[in-house]
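**Q** model the structure of this input:
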Amino acid sequence: MSKFIYGIGAVYFNAALIGYIEKNSWDWGGTKPESVDVEAEQVPDAPVLTLLTKNGSISPTFNLIQLDYENLHTVQGGTLVGTEGAYTGWKAPTDLVQLSGEWTIEFVSGQTMTIPNGTILANLGGKLTLTEVSKLECQLKVNKPADGGSPYEINDTVEG
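**A** So this is what the prediction gives:
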């Protein structure tokens with residue numbers, strides 16, 4: 001096992017590979033742990049106790065730059081146009097769509113992160129120029145799994 005975690009090898013949503021992630025766009029986001037200090041009148045220089053009130057969390061943001069029709073559909077919902085394997089278009093959803101499920105991130109360093117219950121928020125962004133590509137600006141909200149387990153885990157990648 002590597003003592004470092006680095007590099008995105010692949011990102012999957014409900015077992016579907018979602019394509020290329022823009023270089024340097026992945027940010028873990030989230031929040032730091034929260035606590036409350038308990039103060040005593042008799043101890044003026046430091047708290048006498050610190051109570052943890054909330055664990056830290058992650059909420060990754062990233063830009064998906066491989067915008068084939070299947071990837072647009074996978075992270076935004078909507079409707080694919082054409083036949084499977086030979087789609088000719090994609091239509092944005094007309095209703096409110098919440099896409100949730102299992103996420104797997106394979107790191108180049110040899111580990112895999114599993115998020116059992118992640119909700120993706122995505123919108124078309126970037127600039128439309130001849131020097132850069134359009135992208136889906138994504139935020140992954142890490143939710144508590146239905147079974148009450150850990151919100152995410154990191155393990156050595158199992159080759160299979």
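**Q** what's the burial count for Ala40?
**A** Residues lying near Ala40 (other CB atoms under 10 Å) number 10. Quick note: C-beta positions are derived from backbone N, CA and C, even for glycine.
**Q** spit out the contact partners of it.
**A** Val48 (CB atoms under 8 Å, 6 or more residues apart in numbering).
**Q** who does it bridge with?
**A** Val43 (DSSP bridges).
**Q** how near is the nearest residue in space to Thr31 that is not next to it in sequence to Glu132?
**A** Once flanking residues are discounted, Thr31 sits nearest to Ser57: 5.1 Å by CB to CB, 6 or more residues apart in numbering. Distance of Ser57 to Glu132, given as CB to CB, to the nearest Å: 31 Å.
**Q** looking at these two, which is more packed in?
**A** Legend: neighbour count by other CB under 10 Å for Ser57 and Glu132, higher for Ser57 (15 against 11).
**Q** quick one: that one and Asp45, what's the gap?
**A** Taken as CB to CB, the span from Ser57 to Asp45 is 32 Å.
**Q** picking up where we left off before, so the residue nearest to Thr31 makes contact with Gly30?
**A** Yes. Using CB atoms under 8 Å, Ser57 makes contact with Gly30 at a distance of 4.4 Å.
**Q** quickly list what's touching both of those two.
**A** Residues touching both Ser57 and Gly30 (CB under 8 Å, 6+ apart): Val142.
**Q** OK, contacts around the nearest residue to Ala92 once chain neighbours are set aside?
**A** Distances taken as CB to CB, 6+ apart put Gly78 closest to Ala92, at 5.0 Å, once the chain neighbours are dropped. Counting by CB under 8 Å, 6+ apart, Gly78 touches 72, 90-93, 97.
**Q** could I get those in JSON lines, plus columns for distance to Phe4, secondary structure and neighbour count?
**A** Below are the contacts of Gly78 laid out as JSON lines (distance: CB to CB, whole Å; DSSP: H, G, I helix; E, B strand; the rest coil; neighbours: other CB atoms under 10 Å):
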{"residue": "Leu72", "distance to Phe4": "33", "secondary structure": "helix", "neighbour count": "23"}
{"residue": "Trp90", "distance to Phe4": "38", "secondary structure": "strand", "neighbour count": "19"}
{"residue": "Lys91", "distance to Phe4": "43", "secondary structure": "strand", "neighbour count": "13"}
{"residue": "Ala92", "distance to Phe4": "40", "secondary structure": "coil", "neighbour count": "11"}
{"residue": "Pro93", "distance to Phe4": "39", "secondary structure": "coil", "neighbour count": "12"}
{"residue": "Val97", "distance to Phe4": "37", "secondary structure": "coil", "neighbour count": "11"}
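**Q** lovely, talk soon.
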